[in-house]
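In: Any chance you could fold what I've pasted below:
(4 chains, ligands or ions: 6)
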Amino acid sequence: MITPQTLQDATARAHDAMAVLEQELNQADAVLGDGDTGGMLARVIGGMAALDLSQEDDLGAAFAALARAALANTGSSLGTLMATALTSMAKATKGTPSAEWSDLSPMLADARDAMLKRGGASLGDKTVLDGLDAVATALNGVETPAAAGAQARAAADQALATFRDLPCKVGRARMFADKSIGIDDPGMLAFAKLVAALAA
Amino acid sequence: MITPQTLQDATARAHDAMAVLEQELNQADAVLGDGDTGGMLARVIGGMAALDLSQEDDLGAAFAALARAALANTGSSLGTLMATALTSMAKATKGTPSAEWSDLSPMLADARDAMLKRGGASLGDKTVLDGLDAVATALNGVETPAAAGAQARAAADQALATFRDLPCKVGRARMFADKSIGIDDPGMLAFAKLVAALAA
Amino acid sequence: MKKLINRPGDYVDQALDGLVAAHPAMIRTGTAGRVIARAEGARKGKVGVVSGGGFGHLPLFCGYVGQGLLDACSVGNVFEGPNVQSCIDAIKAADGGAGVLKLFGNYGGDRMNFEMASEMLDFEGIETTTVLGTDDIASAAPEEAQKRRGVAGILYAYKIAGAIAERGAALAEVTEVTARANARVRTIGVALAPCQVPGAERPTFTLPEGEIELGMGIHGEPGIWRTQMMPADQLADEMLNRLLADLPADAGGKVSVLVNSLGATPVEELFILYRRVRERLDQEGLQIVQPMIGPYVTSMEMAGASISLFHLDEQLEDLLRDPADCPFWSVRR
Amino acid sequence: MKKLINRPGDYVDQALDGLVAAHPAMIRTGTAGRVIARAEGARKGKVGVVSGGGFGHLPLFCGYVGQGLLDACSVGNVFEGPNVQSCIDAIKAADGGAGVLKLFGNYGGDRMNFEMASEMLDFEGIETTTVLGTDDIASAAPEEAQKRRGVAGILYAYKIAGAIAERGAALAEVTEVTARANARVRTIGVALAPCQVPGAERPTFTLPEGEIELGMGIHGEPGIWRTQMMPADQLADEMLNRLLADLPADAGGKVSVLVNSLGATPVEELFILYRRVRERLDQEGLQIVQPMIGPYVTSMEMAGASISLFHLDEQLEDLLRDPADCPFWSVRR
Ligand SMILES: Nc1ncnc2c1ncn2[C@@H]1O[C@H](COP(=O)(O)OP(=O)(O)O)[C@@H](O)[C@H]1O
Ligand SMILES: Nc1ncnc2c1ncn2[C@@H]1O[C@H](COP(=O)(O)OP(=O)(O)O)[C@@H](O)[C@H]1O
Ligand SMILES: [Mg+2]
Ligand SMILES: [Mg+2]
Ligand SMILES: [Mg+2]
Ligand SMILES: [Mg+2]
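Out: Ligands and ions are numbered 1, 2, ... in the order given. Next up, the predicted model:
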């Protein structure tokens, strides 16, 4: 079952992972973007991990608190899209104490659609959304945390590999579509790395 | 005999010498000053060497032309003092086609006094003037260019050695009187190096 | 890189404190203190003009809050868009009851946050419109001009929006005229040396000794191409060739020119560039109106410059000459 | 160091060309084009205010030619005083028949050249007086204050001289009041990274990573001492301690403050410094009038900053508030 405590544990893990990932993700973004993906995520996830969700019994409220923490800590594309996703999940779980692991797939699909709408990108543009889409699909019908972790990890890595040799079509990297071939999108890379950290 | 041609030859030699001296003198000035003695002298001497004095039959006019060239090319302390010296020598030789080598000592002494007055420094302050003073004294009674060269060179070097371990008392280096002990004054160093180049 | 700062995490807030301490016509406001607004408040009945953006570009963005320019500005972290709440707060601070124009650079984060802010404010009955700064010709082809990012030329859009709003135009007209101004501004930049974000381990990019990068963005995003350092006149020609190859449809004979330092490049060098720009524009038969030379839109201590051309029409020229006043730019009739 | 220049030998002249091309209220004049003067010419009956100095400090010196400030300014080469002829030309350009105040930094070359210029002009019946900028407290002990060199604080002397001359005072009074202003300005600087003179093989000095130098001159002349990089607040305290330990005899309760960038240091950092300066002066019970924060007196791309305190009296405060206008500084009542 996914409870506020699950979220608390997840943000703690993600926070730990960022200690190593921050500079790696900055460098990935520096190649074609402005080099701040890692620093921004470290700040946003730090803000989330600082929340105390242990007394929270409404899962939707816990997601909403995470969304607010993200919004308070950044104005970047990726950070704002993360908040959009969390808001979508907050709406889906509002008023319930927990969700089943099998609910995760449709929740992520809804989050993906909210992000597509907010950001104006399309699937296939080589963004974090292609990673999320792959994971949402892979989790279809999965019922245990262990299986969810394994499936999500494999799907996120697979998406990264699939898109590596395709050109970026949105964001700062759009201008260098050709240069971007062979290079990971920093948002997608961050997503895969964080999924791996949560699944480990 | 000192004629306009003598001046023409001297500026040509000094100009050649500056090719090597420029950076050395800049560095000497950088230690306590603003690091421009060499660059400034290169420009001033370049301006002098570019003059054609060969048709000039008034030695005073030749000196005056050199003074104007100096003044046109700089506004630095040392450059302006050089122009002051040249103006003094122009006055001393005005209307005559040449001067004796034995005239050089009193001419330099007058130039020194004009520079003291213009710059407000005193002998003993560890400036170019202490070098000039030593040379003016050493040339007393000297009648040939060969002897003048040898005496001047020895005197300028001796002054440099004498003052090296004394503190600077004027100009930018004044503020670091203690730091200046053991270090050559850039103006005095430039003077000694140029005398050596002319005497060689 | 040595910086005169305290804790990196305090960089933005302490600089904003100093800004308003020095300039009493500005105040810090907003839930998190991330809004700069005019101390005298929004003028009732006037259309508000709001901007926002990342920090580290001073005087842009928030330095241009003042009479005949911006009414309020939201402030993000270094090189990172302002958050939703700051955008909401800025719009509210600028609202005088006649609607608010949101005028900011075309960057994903900024766009999403201002959009979310407007959605929330719709409930409160504050009408808003949007014009995006899209002047950087290096960032997309002319056919996709609406995808271009905003750099130094947004200043001209600020000036026009501020002037027409000051004259009392309604929101629709303010928006329409500002959009036209933006569509007539073209900028290209050149980077010589990087800056470093406070707290970052390394500079935002590296450029080998003797190389420069044309078309680089103001956050260090890669440019169009790297080339050997060249004399200033040749570089100015290169940049102007690109600017003049990309004229708005109905460009007239008058332009304003902004020769801007990205930070460390001294104004002496800007004047050397401007000398050549002026020579070239003279040759092209273009008349220069109200040129601006200085550090108007920077990237902290980045070295480099940008050149912007603002192709005027009669109305835009008149609005450009209207009085304006903020600590970093003032225009008198 | 990469520079946007053409031939180093053309650096000064091309930058001056650009300056006057951009700012039509200024003209280049003088035998060698090394004078910047007001385009409208000297005003008959007004005392002229003239300055001069080396190049590479823009906006100082010649950038401050304008209404209520300088009437003319002679321009030397980079970091090198103006030559005699330019000083003569500048004085003549400023002469409106009521005499001319020569107001420049206390440097040997500048002094000699202005002095020689005055001697020559005596024959032509132009009366001149001199006030030397001597604000840098790092350059001599208080007992020898008249030996101090001039740095950023000369700006305040410009403002006062320009204002009182504009009000129609006679030469003796302009001189006396300006001398009093100068005697009430104190500056201290800190250098973080060097600049490089165009054409030079290396920077003007070197500072190891993590070290800064307090009291360094604006041409890179050594300062008082080197120390480890420290937080901005601590550095501001250090600098203020020295400034406040060296008060003019009759310092009152009001000061103007100039927090100045030497070039590459961005205005963001100046505001962080100013934040602390303001805090400290508040604690000391000193009231700040008309603070100035920006790149007003630079050394090309040198990184660092200076803090100047101008201890006001009633007349000086009033004069400081008088209107003034040049491309880099404008004051309105
Ligand atoms: N409009 C968008 N839609 C979906 N994803 C986006 C969009 N814009 C950016 N991204 C994602 O965000 C990542 C960049 O994040 P970040 O560096 O934090 O943002 P910024 O571009 O504001 O600096 C990209 O790699 C991409 O995956
Ligand atoms: N007032 C003075 N009287 C005599 N010599 C001086 C005076 N001021 C400077 N000098 C000489 O000039 C030298 C410095 O020359 P330079 O570097 O060209 O001048 P600046 O100090 O203007 O940069 C000093 O080393 C000193 O010998
Ligand atoms: Mg980024
Ligand atoms: Mg020197
Ligand atoms: Mg960013
Ligand atoms: Mg010098």
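In: Can you list the low-confidence ranges for the stretch 1-150 of chain C?
Out: Applying pLDDT under 70 to the stretch 1-150 of chain C flags no residue at all.
In: where does residue A:174 land on pLDDT?
Out: pLDDT for residue A:174: 67.
In: Now do the helices in the chain.
Out: I went with chain A, as the question did not name one. For chain A, applying DSSP state H gives helices covering A:4-32, A:37-49, A:59-73, A:77-93, A:104-119, A:128-138, A:145-164, A:186-199.
In: please go with chain C instead
Out: Counting by DSSP H, the segments of chain C that form helices are C:11-22, C:84-94, C:108-122, C:154-166, C:171-183, C:232-244, C:267-283, C:314-321.
In: and residue A:152, what is it in contact with?
Out: If you count contacts by C-beta atoms under 8 Å, 6 or more residues apart in numbering or on different chains, residue A:152 has them with A:135, A:138, A:139, A:195, A:198, A:199. (C-beta placed from N, C-alpha, C; glycine too.)
In: Neighbours of residue A:120, how many?
Out: For residue A:120, the neighbour count with other C-beta atoms under 10 Å in any protein chain shown is 12.
In: Actually, residue A:5.
Out: The number of residues packed near residue A:5 is 15, by other C-beta under 10 Å.
In: Does it touch residue A:55 like I think?
Out: No: Residue A:5 is beyond contact range of residue A:55, at 10.5 Å (criterion: C-beta atoms under 8 Å).
In: among the contacts of residue A:152, which two are most distant?
Out: Greatest spatial distance in those: A:138 and A:198, 14.3 Å, computed using C-beta to C-beta.
In: Of these two, which one has the most company?
Out: Neighbour count, other C-beta under 10 Å: between residue A:138 and residue A:198, residue A:138 has more, with 21 against 18.
In: what's the nearest residue to the more buried one if we skip its chain neighbours?
Out: residue A:155 (3.6 Å; C-beta to C-beta, 6 or more residues apart in numbering or on different chains).
In: Which of the helices of chain C sits closest to ligand 3?
Out: Taking C-beta to the ion, helix C:108-122 is the member of the helices of chain C nearest to ligand 3, at 8.5 Å.
In: Which other helices and strands does that closest one contact?
Out: Packing contacts for helix C:108-122, counted by 3 or more C-beta pairs under 8 Å, 6 or more residues apart in numbering or on different chains; DSSP states H and E, involve helix A:77-93, helix A:104-119, strand C:48-55, helix C:84-94, strand C:100-105, strand C:128-133.
In: repeat that with 10 Å
Out: For helix C:108-122, the packing partners by 3 or more C-beta pairs under 10 Å, 6 or more residues apart in numbering or on different chains; DSSP states H and E come out as helix A:77-93, helix A:104-119, strand C:48-55, strand C:72-78, helix C:84-94, strand C:100-105, strand C:128-133.
In: Can you get me the centre-to-centre distance for it and its chain?
Out: Counting by C-alpha atoms, centre = their mean, to the nearest Å, helix C:108-122 is centred 19 Å from the centre of its parent chain.
In: Export that helix to PDB, keeping only CA atoms.
Out: Only the C-alpha atoms of helix C:108-122 are listed here, as PDB (Å, rounded to 0.1, in the frame of the first residue of the first chain):
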ATOM      1  CA  GLY C 108       9.700  27.000 -20.200                       C
ATOM      2  CA  GLY C 109       9.700  27.400 -16.500                       C
ATOM      3  CA  ASP C 110       8.700  31.100 -16.600                       C
ATOM      4  CA  ARG C 111       5.900  30.400 -19.000                       C
ATOM      5  CA  MET C 112       4.400  27.600 -16.900                       C
ATOM      6  CA  ASN C 113       4.600  29.500 -13.700                       C
ATOM      7  CA  PHE C 114       3.100  32.700 -15.100                       C
ATOM      8  CA  GLU C 115       0.400  30.600 -16.700                       C
ATOM      9  CA  MET C 116      -0.400  28.800 -13.500                       C
ATOM     10  CA  ALA C 117      -0.500  32.100 -11.700                       C
ATOM     11  CA  SER C 118      -3.000  33.500 -14.200                       C
ATOM     12  CA  GLU C 119      -5.200  30.500 -13.900                       C
ATOM     13  CA  MET C 120      -5.400  31.100 -10.100                       C
ATOM     14  CA  LEU C 121      -6.000  34.800 -10.500                       C
ATOM     15  CA  ASP C 122      -8.800  34.300 -13.000                       C
END
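In: residue contacts, residue C:66?
Out: By C-beta atoms under 10 Å, 6 or more residues apart in numbering or on different chains, the residues touching residue C:66 are C:23, C:25-26, C:38, C:158, C:162, C:324-330.
In: rerun that using 7 Å as the cut-off
Out: C:25, C:38, C:324, C:325, C:326 (C-beta atoms under 7 Å, 6 or more residues apart in numbering or on different chains).
In: In chain A, what residue comes closest to chain D?
Out: residue A:36 (16.9 Å; C-beta to the nearest C-beta).
In: That residue contacts residue A:29, correct?
Out: Yes: checked against C-beta atoms under 7 Å, the pair residue A:36 and residue A:29 is within contact range at 6.1 Å.
In: tell me the contacts of residue C:193?
Out: By C-beta under 7 Å, 6+ apart, the residues touching residue C:193 are C:207, C:264, C:302, C:303, D:2.
In: What is the neighbour count of the fourth one?
Out: A count of nearby residues for residue C:303, using other C-beta under 10 Å, gives 26.
In: again with the first one
Out: Counted with other C-beta under 10 Å, the neighbours of residue C:207 add up to 19.
In: Model confidence for the closest residue to residue C:300 other than its chain neighbours, exactly?
Out: Residue nearest to residue C:300 in three dimensions, not counting chain neighbours: residue C:195, with 4.1 Å by C-beta to C-beta, 6+ apart. Per-residue confidence (pLDDT) for residue C:195: 96.
In: and what of residue A:171?
Out: pLDDT, residue A:171: 65.
In: hmm, back to that, now the residue nearest to residue C:300: how far from ligand 2?
Out: As judged by C-beta to the nearest ligand atom, to the nearest Å, residue C:195 and ligand 2 stand 32 Å apart.
In: re the thing from before, make a markdown table out of the contacts of residue C:193 and add distance to residue C:237.
Out: Listed next are the contacts of residue C:193 as a markdown table, based on distance: C-beta to C-beta, whole Å:
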| residue | distance to residue C:237 |
| --- | --- |
| C:207 | 21 |
| C:264 | 23 |
| C:302 | 23 |
| C:303 | 20 |
| D:2 | 18 |
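In: Would you mind giving the domain segments of chain C?
Out: Domain assignment for chain C by automatic domain parsing gives C:10-182, C:187-331.
In: Dump these into CSV; add distance to ligand 3 as well.
Out: Converted to CSV, these look like this (distance: least, C-beta to the ion, whole Å):
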stretch, distance to ligand 3
domain C:10-182, 8
domain C:187-331, 8
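In: Mean neighbour count, these: which tops it?
Out: Across the domains of chain C, the average number of neighbours (mean count of other C-beta atoms under 10 Å in any protein chain shown) peaks for domain C:10-182, which reaches a mean of 23.
In: That one: how far from the chain's middle?
Out: Remark: domain C:10-182 is offset 10 Å from the chain centroid, using C-alpha atoms, centre = their mean.
In: And stretch C:168-183, by the same measure?
Out: For stretch C:168-183, the distance to the chain centre is 17 Å (C-alpha atoms, centre = their mean).
In: State the mean pLDDT of it.
Out: 98.
In: Please list the outside residues in contact with it.
Out: Outside stretch C:168-183, the residues within contact range by C-beta under 7 Å, 6+ apart are C:46-47, C:98-99, C:101, C:103, C:127, C:129, C:131, C:133-135, C:156-157, C:160-161, C:164-165, C:248, C:316.
In: again with stretch C:325-332
Out: C:23, C:59, C:63-69, C:321-324, D:330.
In: In chain A, which residue sits closest to ligand 6?
Out: Taking C-beta to the ion, chain A has residue A:35 as its residue nearest ligand 6, at 41.1 Å.
In: No further questions, thank you.
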